[in-house]
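Novice: below is the sequence, then the predicted model.
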Protein chains: 2
Amino acid sequence: MKDAFFKTAARAFGFGFAGAPLDRLSAKRDDFGFVAALRERADARAALIARDMPILPKGEAPREPFFPLSAVAALGGARFEALLGLDARGAPVFAAALPDGAVEMLADESEGILDRRVLIVPGRDDLELVDLRTIAVQGLVSPDAVAILGQAKAILDWHARHGHCAHCGAPTRIVAAGWRRECDACKAQHFPRTDPVVIMLALDGERCLLGRQARFPKGMYSCLAGFVEPGETIEEAVRREIHEEAGVACGEVAYVASQPWPFPSSLMVGCLAQATSRAITIDRVELEDARWFDRADVAAMFEKRHPQRLWAPNPMAIAHHILRYWAEGGGGV
Amino acid sequence: MKDAFFKTAARAFGFGFAGAPLDRLSAKRDDFGFVAALRERADARAALIARDMPILPKGEAPREPFFPLSAVAALGGARFEALLGLDARGAPVFAAALPDGAVEMLADESEGILDRRVLIVPGRDDLELVDLRTIAVQGLVSPDAVAILGQAKAILDWHARHGHCAHCGAPTRIVAAGWRRECDACKAQHFPRTDPVVIMLALDGERCLLGRQARFPKGMYSCLAGFVEPGETIEEAVRREIHEEAGVACGEVAYVASQPWPFPSSLMVGCLAQATSRAITIDRVELEDARWFDRADVAAMFEKRHPQRLWAPNPMAIAHHILRYWAEGGGGV
C-alpha cells in the first residue's frame, strides 16, 4: 500500500522539482566539440537565472521559461552556464546565470514570505523574475519545467558558491559542460554538491509528530527534517534528528520517496518512523514548536479549517505527501 | 519480506560503517566550554588517522582503536580534530588527524589491492597503520569501532580537502567542535559534505545485472552505482545510471537500505530496479564489463566456486546484501 500510494502521488501531483524529462547526456559532457555544436543549434534554449530567480515571460500559465541562447547575450552574457540535457524533442537545454546587474530590484514587499523582492529586467517589460518556490506553488510553468528550473538553479547556485578551490583557495575553472570545476594550481577536481536531508513523520499509533521552525509561514506545521551527517545511514539520521529536535525516541524507519530540493542543493529523503516514546522535549534552536496531531487534526489542516488556523505544506513539498499518506489511513512503519 | 531481510541483514552482519553507537551531541557542538571540558576528561579518547589510515595497536582482533588524548600530543599534535560524540558509557570520543610526518612509509607492496602502503609510527613498534577497508573486511576491530572509524575518517577527510573557502578562496576556521568551517573574509559557512550515491541491482525475471570497473579486484562483479546529481530523485538517478552505464532501461525502483561509505564521504543508497529492456551496451569509460547473471551464477560467486572465478563483494558492502537478497529468492521490485 505504501509503495502504491507514493508512486501514485508522484505521478498524480508530481513532487515539485522531480521528474525532469531531460536526457542529461552525462557521458558527453567532456566532449567539448559535441557541447559546442549543441550551443550552435537553432533549437537550443536556456533557463535564465539572475540573483537566484528564474526569468519568466509575463502572461498566463503555463509560461515557457526557456529562451533562445541569443537572449543570454542580449541580457548581458552568462556568468556561467551548464548543459542540462536534451528535451523529449531532442532540443538542447542549457542553464545560464546572468550577472546581478542584468536585473534591478524594484521594491521590497516585506509582507510576503516567499517573494520579498521584486526584480525586473530593465527595458524588458515582457519579462519578470519570480522566486522558484512561488513558480512551483502557483504552477506558473508546467511540472516538467519546474523540474528543469530546479536542476538549473541547483547547478548554477553551486557555481555561484564554489568559484574557488576548497583545497588550496585558487580560482577554479568550469569544465565538463558545467558539471565539474578544476583547479589548475593543485589539480583538485570538484563536483556539484547534493546534500541528503531526511524528512520524516514519527508515528505513535493514531498520532503523528509535526513541528514548526520560527521561519515557517504563520500556522504551518510540517515533518521534521535535518541533514544526514558523515558516518550515518538514512535510518540513523532519521532517529537522531527526531530525538535531537523533539526528544522522541524511534525504532523502525521506512523510506517512502525522495525529492530534489534546490534551496540550494538538497535531496529530500522521505521516511516514516515508529515512535517508541511520547514525551516531547523541544530543541528551541531548531524548532519553535512540536506537537502530536491526530488524523482529524491533519484533515482539518489540509482543508484549512483547523480551529487554531494551523495548516500543512502544499503538494509541492514531499512533506505534504508523507502526511497525506498517513492522514488517509496509511499503515504504520 | 524485503524489509525483514534488510533489517535482519543490517543486524546480523552490520553493513560496514553503519551503526556508530555514539550520541553525536549535535546541539552542543557550538558550546565551546562544554566541548573543552570533554577534552579534559580522563576517559576522553580519540581515533587517530594519518595519511587517511587509522592507527591501530598491534595484536589480536578485536583491537581497540581509540587512544587517550595524551597520545595525540605525543605523536606530533593534531592537524585538526572533531568531537564524534559520547559512547555508550558516556565517555567522549574525538577524531584527530595527525600530520603526515608523524608516520613513515616503509614499503610499497604493490601486489595488494586494498593496502598498497605500509606505514609505520616511528619509535612505536606497538602501533601500525591499516587501510580502513582492510580493517572492515578483516574485522580487525569491532563493528561498532568500524563505524566510529568511518565517521572519523569522513569528517577528517573533509577538513583535509576543505581548508579554504570555496566561495572566496580565503583559509577557513574550524568551529563547532569540527563540524563547521567559517570564512572570516566573506562570512560563508561550510558544512561537511555527504555525497548520495545510488547502488542498485537491475532485475529481469530470473537474471540480475552486475558490472565491473577496471579498478575492481580481478574477478569481482558488483552492483552498478553512481552519484545522485542535482535535480533528480533517488529513483531517477537509479534509472539514469543503469541506462548510462549498461544501456538497460528500468521502470519501478525500490529502496532497500543505506550505508555510510567513508571513501571519502558517500552515502550509499541501495535499490532494486525492474529492468524493461535486456540488451546491454557498456559505457567503457565507467565499466570494463556488465552481464546478466542468474541465481546459480550468483550462488557460485558467493561460494567462490564460479567456473570463471568470478566473485561478489563481501558482507562489508551493501552490494553484497542487495545481491544476496535476490540470490536467496527475494522477490522483485
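Specialist: Arrived safely.
Novice: just the CA coordinates of the helix or strand harbouring residue A:118, formatted as CSV?
Specialist: Using DSSP states H and E, residue A:118 sits in strand A:117-120. Backbone C-alpha positions of strand A:117-120 (Å, rounded to 0.1, in the frame of the first residue of the first chain) are rendered in CSV as follows:
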residue,chain,number,x,y,z
ARG,A,117,12.0,41.0,-3.8
VAL,A,118,10.5,42.4,-6.9
LEU,A,119,13.2,42.2,-9.6
ILE,A,120,12.8,43.5,-13.1
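Novice: got the contact list for whichever helix or strand comes after it?
Specialist: Heading C-terminal from strand A:117-120, the first helix or strand you meet, by DSSP H and E, is strand A:127-129. Strand A:127-129 is contacted by residues A:50-51, A:53-58, A:103, A:117, A:119-121 when judged by Cβ atoms under 8 Å, 6 or more residues apart in numbering or on different chains. In this view, the C-beta of every residue, glycine as well, is placed from N, C-alpha and C.
Novice: quick check, nearest of the residues you listed to chain B?
Specialist: Chain B lies nearest to residue A:54 out of the contacts of strand A:127-129, by Cβ to the nearest Cβ, at 13.4 Å.
Novice: show me the contacts for that closest one.
Specialist: Contacts for residue A:54 (Cβ under 8 Å, 6+ apart) come out as A:47, A:48, A:65, A:129, A:130, A:132, A:135, A:149, A:152, A:153.
Novice: which stretches of the stretch 101-250 of chain A form helices?
Specialist: Ranges of helices within the stretch 101-250 of chain A are A:132-138, A:143-161, A:234-246, based on DSSP state H, counting those that start in this stretch.
Novice: which helix or strand contains residue A:304?
Specialist: Under DSSP H and E, no helix or strand contains residue A:304.
Novice: now, which of the contacts of strand A:127-129 sits nearest residue A:283?
Specialist: Nearest to residue A:283 among the contacts of strand A:127-129, counting by Cβ to Cβ, is residue A:117 at 30.9 Å.
Novice: circling back: CSV for the helices of the stretch 101-250 of chain A, including mean neighbour count?
Specialist: Shown next, in CSV, are the helices of the stretch 101-250 of chain A (neighbours: other Cβ atoms under 10 Å in any protein chain shown):
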stretch, mean neighbour count
helix A:132-138, 19
helix A:143-161, 24
helix A:234-246, 24
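Novice: what average pLDDT does the strand holding residue A:118 get?
Specialist: Strand A:117-120 comes out with an average pLDDT of 75.
Novice: ok, stretch A:55-72 next?
Specialist: 96.
Novice: can you point out the buried residues in it?
Specialist: Burial within stretch A:55-72, assessed by neighbour count using 16 or more other Cβ atoms under 10 Å in any protein chain shown, is assigned to A:55, A:56, A:63, A:65, A:66, A:67, A:69, A:71, A:72.
Novice: same check, this time on stretch A:18-27
Specialist: Buried positions in stretch A:18-27, judged by neighbour count with 16+ other Cβ under 10 Å: A:18, A:19, A:20, A:22, A:23, A:24, A:25, A:26.
Novice: so who does the fourth one touch?
Specialist: If a contact means Cβ under 8 Å, 6+ apart, then residue A:22 has A:84, A:85, A:86, A:87, A:93, A:148, A:151 as its contacts.
Novice: which members of the residues you listed are the farthest-apart pair?
Specialist: Using Cβ to Cβ, the contacts of residue A:22 span at most 13.1 Å, a distance reached by A:86 and A:151.
Novice: check contacts around residue A:319.
Specialist: A:199, A:222, A:223, A:225, A:270, A:312, A:313.
Novice: ditto for residue A:266
Specialist: Contacts for residue A:266 were tallied using Cβ under 8 Å, 6+ apart; they are A:194, A:195, A:196, A:197, A:260.
Novice: among the residues you listed, which ones lie close to chain B?
Specialist: Among these, the residues that sit close to chain B (Cβ under 8 Å from any Cβ of the partner chain) are A:194, A:195, A:196, A:260.
Novice: give me the angle between the host helix or strand of the last one and helix A:143-161.
Specialist: So that's residue A:260. Using DSSP H and E, residue A:260 maps to strand A:250-261. If you take axes from the mean of the first three to the mean of the last three Cα atoms, to 10 degrees, strand A:250-261 sits at 90 degrees to helix A:143-161.
Novice: figure out how far strand A:250-261 is from the centre of its chain.
Specialist: Put simply, strand A:250-261 sits 16 Å off its chain's centre (Cα atoms, centre = their mean, to the nearest Å).
Novice: list the buried residues in it.
Specialist: So for strand A:250-261, counting by 16+ other Cβ under 10 Å, buried means A:250, A:253, A:254, A:255, A:256, A:257, A:258, A:259, A:260, A:261.
Novice: widest-spaced pair of the residues you listed?
Specialist: Every pair of the buried residues of strand A:250-261 checked by Cβ to Cβ; the farthest is A:250 and A:260, at 25.3 Å.
Novice: count of residues packed around residue A:91?
Specialist: Using other Cβ atoms under 10 Å in any protein chain shown, residue A:91 has 16 other residues around it.
Novice: now swap in residue A:184 and tell me
Specialist: 11.
Novice: nearest to residue B:213, of the buried residues of strand A:250-261?
Specialist: Nearest to residue B:213 among the buried residues of strand A:250-261, with distances taken as Cβ to Cβ, is residue A:258, at 25.4 Å.
Novice: tell me the bridge partners for the closest one.
Specialist: Counting by DSSP bridges, residue A:258 is bridged to residue A:269.
Novice: quick one, what contacts it?
Specialist: When contacts are counted by Cβ under 8 Å, 6+ apart, residue A:258 touches A:18, A:267, A:268, A:269, A:270, A:318, B:233, B:234, B:235.
Novice: same deal with residue A:152?
Specialist: A:47, A:49, A:54, A:82, A:84, A:95, B:231.
Novice: now with 7 Å?
Specialist: Counting by Cβ atoms under 7 Å, 6 or more residues apart in numbering or on different chains, residue A:152 touches A:47, A:49, A:84, A:95.
Novice: which helices and strands does the one helix or strand the second one maps to pack with?
Specialist: Right, the one you point to is residue A:49. Take DSSP H and E as the rule and residue A:49 turns out to sit in strand A:45-50. The helices and strands touching strand A:45-50, judged by 3 or more Cβ pairs under 7 Å, 6 or more residues apart in numbering or on different chains; DSSP states H and E, are strand A:53-57, strand A:66-68, helix A:70-74, strand A:92-97, helix A:143-161.
Novice: any idea how far it is from the chain center?
Specialist: 17 Å.
Novice: one step back: need the helices and strands packed on strand A:45-50 in CSV (columns: distance to residue B:186).
Specialist: Listed next are these as CSV, based on distance: least, Cβ to Cβ, whole Å:
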stretch, distance to residue B:186
strand A:53-57, 22
strand A:66-68, 31
helix A:70-74, 27
strand A:92-97, 18
helix A:143-161, 10
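Novice: closest to residue B:243 among the contacts of residue A:266?
Specialist: The nearest member of the contacts of residue A:266 to residue B:243, counting by Cβ to Cβ, is residue A:260 at 18.3 Å.
Novice: wait, isn't the closest one in contact with residue A:149?
Specialist: No. With contacts counted by Cβ atoms under 7 Å, residue A:260 stays clear of residue A:149, the gap being 11.3 Å.
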